[in-house]
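Enquirer: build me a structure from this.
(2 chains)
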Amino acid sequence: METQSVIQIKNLTKIYRDFWGRKKVRALNSLSLDVKKGEVFGLLGPNGSGKTTTMKLLLGLLFPTEGEISVLGKPASDVSKNERIGYLPEESYLYRFLNAEETLDFYGRLFDMSAQQRKERSNQLIELVGLQNARKRQLKEYSKGMTRRIGLAQALINDPDLILLDEPTSGLDPLGSRDMKDLIVKLKNEGKTVVMCSHLLADVQDVCDRIAILYAGELKELGRVEDLLKEQHETELLTSKLSPEAVADVEAVLAKHNAKLLRHGHPTNSLEDLFLKTVQKSQERPGQRYVPTATEKT
Amino acid sequence: MNFDAKPFLLFSNFDNGLLHWLRVFGGFAGVIFAATVLISLGIYGVSGPVAVMGRVRQGLHDFLNLSPKRIWAIAWLTIIEAVRRKALLVFVVFAFLMMFAGWFLDSDLRADLQVKNAVSFALTTVSWLTIPVLLLLSCWGIPEDIRVRSLHTVVTKPVRRNEIVMGRILGFSTVAAGIVAMMGVVGYVWVLRQVPNNASLICRVPVYGTLEFLDNEGNISEKGINTGDIWEFRSYIEGGTKASAVYKFPIDTPADQIKLESRFEAFRTHKGRIGQSLLVRYVLVNPTKELRVPLDSFEIQEFNLNEQFIDRKISFYDEGNKDKRTVDLFDDIVDQNSLTIAVQCLDSGQYLGMSRPDFFIRLPDRSFAVGYFKAVFGIFLLTVFVISIGVTSSTFVKGPIATLLTFSVLLIGQGFREFMIKLITGVQKGGGPIESWYRLVTHMNDTLELPDNIGVKIMQGIDNVMLGGLWLMQHLIPDLSSFVMSPYVANGFDVPWSVAMLRSLAVTIGYLVPCLLVGYYSLTLRELEAK
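Expert: Residues are numbered from 1 along each chain as shown, chains lettered A, B, ... in the order given. Next up, the predicted model:
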């Protein structure tokens, strides 16, 4: 049984025009793609490739020059579709004179939520994004990371079915970034659909089921992440530590099967893993410091 | 009073009220709709008008499905924004002015003039401080939201664009209400403290009538004699002749006594009696019964008010029957709920000047606070009007242009509308802008005929096009003079409902409706993200 489409884009073209109506930029050219219910979909591409334009067309902030968009079964211009959508913009363009509680209360009101619902949901989300200690501070006093967190909270205020995240990890430290990615996975597990665009490819790789790569407004690649990244002509083995003799034996075995050892050595962790481990240790043993070894001292 | 405000007949005179509004609003809406359909047909073919109709349907749907909760949410945001952006600092300026204003108001003036100055100052200060602040806030709110993209987080929620416009107008109006109310109360207390011991704050309730003149021969004429005054507000009747000014007052409820109040001006052609003012007589007239009841003559107090009382039972000497006679004011003189009084000047060679509001029946006074706070409400209504125009214009132009546009509407509506009408009707000599410029450069005053050549014809043709634009503008820009109610209160009068309150309310509501429509379509049809 085919999974239901949450977003359907057919031959979408967007041309920006100048004041006189002359063509300035073709931001999107005949883009077609489907986003299925319950998947995490990534939009990738260099600057100016049309990712954010696609996102804004989905939200009705821009009007298509040609083509059709259907979001949750409704045209992008239909305001009622927004009842089931959460949107985190690239920058958190929130009202800087409000504090966290007021911000969430305001956006809750826009969904016609009752005072009780707003209060409960605000408390829940403030806790989720870790802003309990800053809930009464005006957003103008927030760091960029905190602003992203409250931005995410406002995007989730209505418990949306479809969440559009524009550069969700930008401005976040690795811890915040990890939390964000965990949250995206959690949302996916709850059956929500997430569409994100990001420059941070590692983040996309970590959480996305499918991706689309755009270049100059055109779709260049579309598919499941593991399918697109898999090297069909190579095989990867991971063993416990081998002696040089054992490596030589492996090479001999490979030669017998007309294969050769392309690379061997010790695998490395990602910098993100190292950073997270260090922070975790520091939290467990706050007094411990880095002491240089004798070799490093010389 | 030195101005004559005509009653505003909203329902009884459709030509001046609702019908005019429907004609102008419907006309503009119809022209814009027809133009849009034609243009869309030209560009997109048949699908163009279909899309236009779709937008109209969508608009109807959006207006029928407004959410008061969302509107109030945006209004609440607007209020918080105004407060946190320190709009209320205007109170500091107000307090500062009120603290020291007393030093600069002339205490050597006549007591009633001191009161007049104090009331005018308080109300003008409230108005001059509130309106600019709200004008700036309303013109910059939405453009700033679009610039910093805060509006993106709102329009990506299930918020209709008309809810944004309504929420903004409601929010700014609530801020205005708060500011005006607080300043009004402080101003009121300040006025009470400024009243000299020998004066009091009064709030007369006048009943004005209609005025027509009888010339020296006793023939009816619309105006009296012009004694050479450029200001043609008052007309004059010649003393010692049949000339008279005939006032007809509506009068419904019988009373034991009525009070008349007048403020006439004298124009002398000779010194007259030294130490005496002009002698004036009121004659009560019943035109149906041809009954004329002359009252006792009295000397007018120039530059001041004359108070006369008429009892219900009036005894007079009947010239026809050569006998004393008593009549009942309401049974014998009031005719079809109308009391006719002819004013005569008895000094021959002297002239008595008057206008419609110079003579009225004075009903029991109201509390000064009633008139004062009506004027404060007038300031609030004007602020709401300014907010509506400001918010609407800010949906299609940026802050500075919206400010300029709103300020121009305010300026023309309050001060230059009369001049604009004079230009359109040709009463103002000197032609249109190009002709005026030509006359200035060539030193030709407005009485000189221009040469009859092709250049002049082209110039006048361009002027006619511009004047056509002005004609259109005078239908779009309202007369805002009715919102300014301080002259009534400063002169010791109540603010009349039909003349000022109803007119101001009608103008505010009349402009609010098209403003909401324009604001809605402007926000709906534009790409908020477009660079």
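Enquirer: setting the sequence-adjacent residues aside, check what's closest to residue B:317.
Expert: residue B:324 (5.6 Å; Cβ to Cβ, 6 or more residues apart in numbering or on different chains). Where C-beta positions appear, they are placed from N, C-alpha and C, glycine not excepted.
Enquirer: could you dump the helix or strand hosting that neighbour to PDB, C-alpha only?
Expert: With secondary structure defined by DSSP states H and E, residue B:324 is part of strand B:323-328. The C-alpha coordinates for strand B:323-328 follow below in PDB (Å, rounded to 0.1, in the frame of the first residue of the first chain):
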ATOM      1  CA  ASP B 323     -55.600  97.200  23.800                       C
ATOM      2  CA  LYS B 324     -53.500  95.200  26.200                       C
ATOM      3  CA  ARG B 325     -53.600  91.500  25.600                       C
ATOM      4  CA  THR B 326     -52.200  88.300  27.100                       C
ATOM      5  CA  VAL B 327     -51.200  85.400  25.000                       C
ATOM      6  CA  ASP B 328     -49.900  81.900  25.800                       C
END
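Enquirer: for that strand, packing partners?
Expert: In this structure, strand B:323-328 packs against strand B:313-318, with contacts taken as 3 or more Cβ pairs under 8 Å, 6 or more residues apart in numbering or on different chains; DSSP states H and E.
Enquirer: average pLDDT across the strand it packs on?
Expert: For strand B:313-318, mean pLDDT rounds to 86.
Enquirer: what of stretch B:225-243?
Expert: Across stretch B:225-243, the average pLDDT comes to 84.
Enquirer: show residues contacting it.
Expert: By Cβ atoms under 8 Å, 6 or more residues apart in numbering or on different chains, the list of residues contacting stretch B:225-243 from outside reads B:2-4, B:213-218, B:223-224, B:244-245, B:265, B:267, B:278-279, B:343-355, B:358.
Enquirer: okay, and for the stretch 151-298 of chain A, where does confidence drop off?
Expert: A:229, A:271, A:294-298 (pLDDT under 70).
Enquirer: point me to the residue of it nearest chain B.
Expert: residue A:154 (6.6 Å; Cβ to the nearest Cβ).
Enquirer: that residue is in what secondary structure piece?
Expert: helix A:144-155.
Enquirer: what about residue 99, how many neighbours?
Expert: This is for chain A. For residue A:99, the count of nearby residues is 20 (other Cβ atoms under 10 Å in any protein chain shown).
Enquirer: let's do chain B instead
Expert: Neighbour tally, residue B:99, other Cβ under 10 Å: 10.
Enquirer: so which helix or strand takes in it?
Expert: In this structure, residue B:99 sits in helix B:90-104 according to DSSP H and E.
Enquirer: after that helix, next one along is what?
Expert: Later in the chain than helix B:90-104, the nearest helix or strand by DSSP H and E is helix B:111-147.
Enquirer: dump the residue contacts of residue A:183.
Expert: Residues counted as contacts of residue A:183 (Cβ under 8 Å, 6+ apart) are A:128, A:152.
Enquirer: do you know how far it is from residue B:95?
Expert: Residue A:183 sits 51 Å away from residue B:95, going by Cβ to Cβ, to the nearest Å.
Enquirer: repeat that for residue B:373.
Expert: For residue B:373, the distance to residue B:95 (Cβ to Cβ) stands at 20 Å.
Enquirer: who has more neighbours, the two?
Expert: More crowded of residue B:373 and residue B:95, by other Cβ under 10 Å: residue B:373, with 17 against 12.
Enquirer: check the more buried one and give its pLDDT.
Expert: Looking at residue B:373, its pLDDT reads 94.
Enquirer: what's near enough to touch it?
Expert: Applying Cβ under 8 Å, 6+ apart to residue B:373 gives the contacts B:184, B:188.
Enquirer: rerun at 6 Å
Expert: By Cβ atoms under 6 Å, 6 or more residues apart in numbering or on different chains, the contact list for residue B:373 is empty.
Enquirer: what helix or strand is it on?
Expert: Residue B:373 belongs to helix B:368-393, assigned by DSSP H and E.
Enquirer: what residues of that helix count as buried?
Expert: Buried residues in helix B:368-393, defined by neighbour count with 16 or more other Cβ atoms under 10 Å in any protein chain shown: B:368, B:371-393.
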